[in-house]
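Asks: structure for this input, please:
(one chain, ligands or ions: 2)
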Amino acid sequence: MATTERTGSCECGAIKFIIAPTDEKAIMCHCASCQKQSASAFGSVIVVPTEAVSVVSGQPKQWLRVADSGNEVLANFCETCGTRVWHGDIEKDAMLKVRAGSLDDPIDFSKAIQIWTSRKAPGITLPEGVPHFAHHP
Ligand SMILES: [Zn+2]
Ligand SMILES: [Zn+2]
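Replies: Ligands and ions are numbered 1, 2, ... in the order given. Below you'll find the model as predicted:
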């Protein structure tokens with residue numbers, strides 16, 4: 001549970017949003033898609049109720065991707081700087097996966113759920129005692 005409001009934005013600042021204090025769950029995903037879309041070693045998100053998220057400025061562009069699981073993922077990103085800000089439909093979905101790096105203050109990943117660890121990059125060390133799954137749980 002975040003007890004204070006969170007703020008976030010894309011890299012260029014065109015998209016700005018607020019997350020009201022709410023329950024949140026941190027996930028680090030080591031799957032190939034998350035590595036590609038973040039152009040980095042893994043993807044990291046907080047899952048929050050959509051009703052807690054409000055857009056302050058800007059309008060994300062959207063791209064629908066079909067995941068390996070067959071699930072559709074609606075990716076929301078800034079058309080100027082390309083930052084992926086969240087996954088999910090802010091109009092329809094109950095929960096959004098907000099990309100953790102888009103938030104202005106760092107997320108505590110010490111208890112984050114680790115998924116797709118079968119794809120984890122060599123040299124990335126997981127925290128002790130956290131839930132982890134070789135694939136999607
Ligand atoms: Zn931007
Ligand atoms: Zn992933």
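Asks: and this protein, which residues reach ligand 1?
Replies: Contact residues, the chain versus ligand 1 (C-beta under 5 Å from the ion): 10, 12, 14, 78, 80, 81. C-betas here are computed from N, CA, C, even on glycine.
Asks: residues contacting the second one?
Replies: Spelled out, that is residue 12. Counting by C-beta atoms under 8 Å, 6 or more residues apart in numbering, residue 12 touches 78, 80, 81, 83.
Asks: adding distance to residue 32 and pLDDT, write the residues of the chain next to ligand 1 out as TSV.
Replies: Below are the residues of the chain next to ligand 1 laid out as TSV (distance: C-beta to C-beta, whole Å; pLDDT from 0 to 100):
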residue	distance to residue 32	pLDDT
10	23	98
12	27	98
14	29	98
78	23	98
80	26	98
81	23	97
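Asks: please, a ChimeraX command that selects the buried ones among these?
Replies: A single ChimeraX command selects the buried members of these (16 or more other C-beta atoms under 10 Å):
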select :10,14,78
